[in-house]
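A.B. asks: Next input, structure requested:
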Amino acid sequence: MRPVLDLLPLSLTSFRARVATNQDLLEQVFMHCDPVTNRGDSNMLAKCARVAHAFFQPAAKVLWEDLFDWSPILHVLWKSYKNDRWIGLIDDEQWARLEIYGPFVKRMEVLKEDDDDGPIGAGFYALVVRARGQPIFPHLSRVGLVSLTHMRTYEPLFLLSTGLRDVKFTLPVRDREPGESYPCKMCRDFVIHEPDETMGPLLQLLHLQSPDLAALSINFDGSTYPEADVDDMRPIRFFSALKHLHVEIGGMSLHALLQICSEIKQLSSLSLHMSDDDLQTPIRKNKANTPAPPPLRTLTDLKIRGHPAYAQTVLEYASPSPLQSLLLIGPLNTKGWKKALDSLTKHFSDSVVTLGMTLYGQQRVRFADIGDKLHALPNLQQCFLEFVPELSDSSQEPEKIPVSLTDDDIAKAARAWPRLRKFVLSCEADEDAQDGPSAESLDAFRQNCPDLTTLVVTSIEENAEIERKELRDLNGDLDPDSGGGFAFIGYVY
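C.D. replies: Have a look, this model is predicted:
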């Protein structure tokens, strides 16, 4: 067969040759067929990768660089996998093809097994055995979710690369009655085991596979979180390049985790998801007559979901850190949050510039109970306060709970935060309050906060005549489409 360029008219050969050999241009063209971003045709991309040598690199890059899961491998290994069944061993010819496409993969959304009796679970084992210790995706840098059905199912970890930088795990935890056991996947249901929720061996293997992780997230698929001891979590400290860590964990393990985090010198962002209920699990204290563990000194970003006592513990532990951004989510426990916010203002009054709080419950609350504690943050630039009856994962706008807010509360907040740029207060108006705020009181923000660009207060009674007009001088313009400031007064529907 004659080369494609030999069939072109002479006058077009030079121009089309330059186009056909311009890899960047071809990649831009093929990106319009990307099945991930443009709902394109993956079959057409696969054909382009095979039709001409000049097309292979850019077409394969678009087709393989971002995968939802690892199932495209099955198309490469078609001799061994047919009709949803493994029918033979992976021979050298098939593996050589996989070695061509595997290096293109950089990001994968999901890496998980199917049900115990499904072909995908067997596929992990077949791939790991055939890889013989060599990485299948040597340039894989991010995995959105690694989901394990059994704590000892390590096969998915062998598909991770040494260059992996970002990974999220969902580990199994068994919600069960005391004394209840469950079938072991590795024994194919012939042996009954007690639940094994230790993370240590898994973390050690992860470090061997991907020692340079910069972001690690550890989650559990049950409604309760395991209590891990120091030895079980100690492998986390082996990840010396770790900067971002998210962990779902029980209260008894909090001190152990904080002690491990203090040994990670580059850790700048910590996210903790703990019990949302009142303090059902106590915080384990250090043993008497033992030296205090070293504090956290490197955090700039902190997120805590759970009882305010947990938040207070972490804020005290991280007191030497240059904390700049803080997100707190938890139940409406006024007494508990006052203590936590006391720790916040005591240690981070000069450093915190971004604060978000989502508090939930059914009782009414006074804004002053929370807001007055935050007046000791003079450098605050972004403040987001939300009061809801319950947390929801729905994308719909959540309901709000009544908050007692006065003109004096607004004036104090405006004077306390002169560097404020964004302020969002999301709550319902307290109809039983005798001295509710007026829209005119919001003028205090314009007078005291010269850099303010966004102001949203949903609890002030809506009035078409004053909506937006009271803050007409807010950064010169209230039109959100103009790039200027934005103010909203009234309810959000």
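A.B. asks: what's across from residue 422 in the sheet?
C.D. replies: Applying DSSP bridges to residue 422 gives these bridge partners: residue 382, residue 454.
A.B. asks: so what's it up against?
C.D. replies: Residues near residue 422 by Cβ atoms under 8 Å, 6 or more residues apart in numbering: 381, 382, 383, 384, 452, 453, 454, 455. Placement of C-beta: from N, CA and C, glycine included.
A.B. asks: got those as CSV, with pLDDT and neighbour count columns?
C.D. replies: Below are these laid out as CSV (pLDDT from 0 to 100; neighbours: other Cβ atoms under 10 Å):
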residue, pLDDT, neighbour count
381, 95, 19
382, 94, 18
383, 94, 22
384, 92, 16
452, 88, 24
453, 84, 18
454, 83, 17
455, 83, 25
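A.B. asks: and the residue nearest to residue 391 when sequence neighbours are not counted, what pLDDT?
C.D. replies: The shortest distance from residue 391 to any non-neighbouring residue, by Cβ to Cβ, 6 or more residues apart in numbering, is to residue 360 (5.4 Å). With respect to pLDDT, residue 360 has a value of 90.
A.B. asks: same check, this time on the one 4 residues further on
C.D. replies: For residue 364, the model assigns a pLDDT of 79.
A.B. asks: again with residue 245
C.D. replies: 96.
A.B. asks: what do you get for residue 408?
C.D. replies: pLDDT, read off for residue 408, is 90.
A.B. asks: what's in contact with the one helix or strand it maps to?
C.D. replies: Assigned by DSSP states H and E, residue 408 belongs to helix 407-416. For helix 407-416, contacts defined as Cβ under 8 Å, 6+ apart pick out 367-368, 371-372, 374-378, 420, 423, 435, 437-438, 441-442, 444-445, 447-449, 457.
A.B. asks: Where helices are concerned, which of those residues count?
C.D. replies: Within those, residues falling in helices by DSSP state H are 367, 368, 371, 444, 445, 447, 448.
A.B. asks: Skipping adjacent residues, who's closest to residue 390 in space?
C.D. replies: Per Cβ to Cβ, 6+ apart, closest to residue 390 is residue 360, 5.4 Å.
A.B. asks: now residue 373
C.D. replies: Spatially, and ignoring its direct neighbours in sequence, residue 373 is nearest to residue 341 (3.8 Å; Cβ to Cβ, 6+ apart).
A.B. asks: quick one: contacts of the helix or strand encompassing that neighbour?
C.D. replies: Assessed by DSSP H and E, residue 341 sits inside helix 334-348. Residues outside helix 334-348 that contact it (Cβ under 8 Å, 6+ apart): 307-309, 311-312, 315-316, 318-319, 323, 326, 328, 330, 352, 359, 365, 369-370, 373-374, 376-377.
A.B. asks: returning to that earlier point: which members of the ones in helices among the contacts of helix 407-416 are classed as buried?
C.D. replies: Neighbour counting with 16 or more other Cβ atoms under 10 Å marks 367, 368, 371, 444, 445, 448 as buried within those.
A.B. asks: how near is the second one to residue 451?
C.D. replies: Read that as residue 368. From residue 368 across to residue 451, the span is 25 Å (Cβ to Cβ, to the nearest Å).
A.B. asks: Please apply the same query to residue 206.
C.D. replies: Counting by Cβ to Cβ, the separation of residue 206 from residue 451 is 44 Å.
A.B. asks: between these two, which one's more packed in?
C.D. replies: It is residue 206, of residue 206 and residue 451, that has more neighbours when counted by other Cβ atoms under 10 Å, with 24 against 12.
A.B. asks: three-state assignment of the more buried one?
C.D. replies: Following DSSP: H, G, I helix; E, B strand; the rest coil, the label given to residue 206 is helix.
A.B. asks: Quick check: closest non-adjacent residue to it.
C.D. replies: Computed as Cβ to Cβ, 6+ apart, the closest residue to residue 206 that is not its neighbour in sequence is residue 157, at 6.0 Å.
A.B. asks: Please verify my assumption that the one you found contacts residue 204.
C.D. replies: No: with contacts counted by Cβ atoms under 8 Å, residue 157 stays clear of residue 204, the gap being 10.4 Å.
A.B. asks: Which one's more surrounded, these two?
C.D. replies: residue 157 (20 against 13).
A.B. asks: I'd like the distance between that one and residue 128.
C.D. replies: Per Cβ to Cβ, residue 157 is found 9 Å from residue 128.
A.B. asks: Check residue 369 too.
C.D. replies: As for residue 369, its distance to residue 128 is 56 Å (criterion: Cβ to Cβ).
A.B. asks: what do you get for residue 372?
C.D. replies: Distance, residue 372 to residue 128, by Cβ to Cβ: 58 Å.
A.B. asks: next one: residue 105
C.D. replies: 16 Å.
A.B. asks: Could you do residue 204 as well?
C.D. replies: 17 Å.
A.B. asks: Kindly report the same for residue 110.
C.D. replies: 18 Å.
A.B. asks: which secondary structure element contains residue 203?
C.D. replies: Following DSSP H and E, one finds residue 203 within helix 200-209.
A.B. asks: residue ranges with poor pLDDT in the stretch 201-350 of the chain?
C.D. replies: In the predicted model of the stretch 201-350 of the chain, residues 222-227, 276-292 satisfy pLDDT under 70.
A.B. asks: Tell me how many other residues crowd residue 259.
C.D. replies: 20.
A.B. asks: Repeat that for residue 95.
C.D. replies: Residue 95: 19 surrounding residues under other Cβ under 10 Å.
A.B. asks: isn't there a helix covering it?
C.D. replies: Yes: using three-state DSSP, the assignment for residue 95 is a helix.
A.B. asks: Which one's more surrounded, residue 105 and residue 128?
C.D. replies: residue 105 (22 against 17).
A.B. asks: Residue 68 is in contact with that one, correct?
C.D. replies: No: at 11.4 Å, residue 105 does not count as touching residue 68 under the criterion of Cβ under 8 Å.
A.B. asks: Domain ranges for this protein, per the record?
C.D. replies: 1-64, 353-493 (automatic domain parsing).
A.B. asks: What separation do you get for the nearest residue to residue 350 once chain neighbours are set aside and residue 421?
C.D. replies: Sequence neighbours aside, residue 379 is the residue nearest to residue 350 in space, at 6.1 Å (criterion: Cβ to Cβ, 6+ apart). To residue 421, residue 379 is 11 Å away according to Cβ to Cβ.
A.B. asks: Spell out the residue ranges of the helices in the stretch 1-150 of the chain.
C.D. replies: For the stretch 1-150 of the chain, the helices defined by DSSP state H, counting those that start in this stretch occupy 10-20, 23-31, 42-51, 53-64, 73-76, 92-101, 119-131.
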